[in-house]
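Trainee: the following block contains a protein sequence and its predicted model.
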Amino acid sequence: MVCNYPINIFDSCLNGNDPFVCDDLKYNNQTLGLKLERPEQIEQFDNDITAVAPYPVSSLNDYVLAMINLLMETLNRKTSGLQNEKGRTIYISYGNIFGKPRKVSLTEKKELINNGISAAEQFLNRFRLISLYCKPLLISTSTATFAEIFNGTIPMI
């Protein structure tokens, strides 16, 4: 399996086959995925554009990174319009942090955590899930967990 985002593992194939190779899927809308993406790709998603975002190339290294990005995006897309992801994926920006194996600095960890919190807030606000479960709407996102949000036991500011 070559897939960094196997959200279809939770779906059902209508003819009983493996959901990774099935074209006739019933999406499990109770699945919530978290996916790291380039900021440019998230910006396109926010504008309802699902094509792979352009990658600026000005050096051989940029060219290699652009090819890797295109390869990963192509391999990870089960459907061309991302219907299998839309509405059940929180896209988290990895900013300028690249995925090569190395020790991640504390600053980079904090950036990823803050990007995740921001992306989750945008996702939940977009679908008005917070307003269904929380009164007042002001919550301490640095300490609230999804379980607290859905159980109504959210630390208030």
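Mentor: All right, it came through fine. Residues are numbered from 1 along each chain as shown.
Trainee: chain center to the lengthiest helix in the chain, what's the gap?
Mentor: Counting by DSSP state H, the longest helix found in the chain is helix 106-126. Mean-position distance between helix 106-126 and its chain equals 11 Å (CA atoms, centre = their mean, to the nearest Å).
Trainee: quick one: buried residues of stretch 87-96?
Mentor: 88-89, 91-94 (16 or more other CB atoms under 10 Å). C-betas here are computed from N, CA, C, even on glycine.
Trainee: likewise stretch 54-64?
Mentor: Residues residue 55 are the ones in stretch 54-64 that count as buried (16+ other CB under 10 Å).
Trainee: check stretch 7-19 too.
Mentor: By 16+ other CB under 10 Å, the buried positions in stretch 7-19 come out as 7-8, 11, 13, 19.
Trainee: surely residue 32 is in contact with residue 90?
Mentor: Yes: assessed by CB atoms under 8 Å, residue 32 is found in contact with residue 90 at 7.0 Å.
Trainee: just the closest of the buried residues of stretch 87-96 to residue 81, please.
Mentor: residue 89 (13.2 Å; CB to CB).
Trainee: and the closest one, how far is that from residue 47?
Mentor: Distance, residue 89 to residue 47, by CB to CB, to the nearest Å: 16 Å.
Trainee: ok, residue 88 next?
Mentor: Taken as CB to CB, the span from residue 88 to residue 47 is 19 Å.
Trainee: can you list the domains in the chain?
Mentor: For the chain, the structural domains run 33-126, 130-157, going by automatic domain parsing.
Trainee: mean pLDDT and distance to residue 27 added to those, as CSV?
Mentor: Output for the domains of the chain, formatted as CSV (pLDDT from 0 to 100; distance: least, CB to CB, whole Å):
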stretch, mean pLDDT, distance to residue 27
domain 33-126, 88, 6
domain 130-157, 50, 20
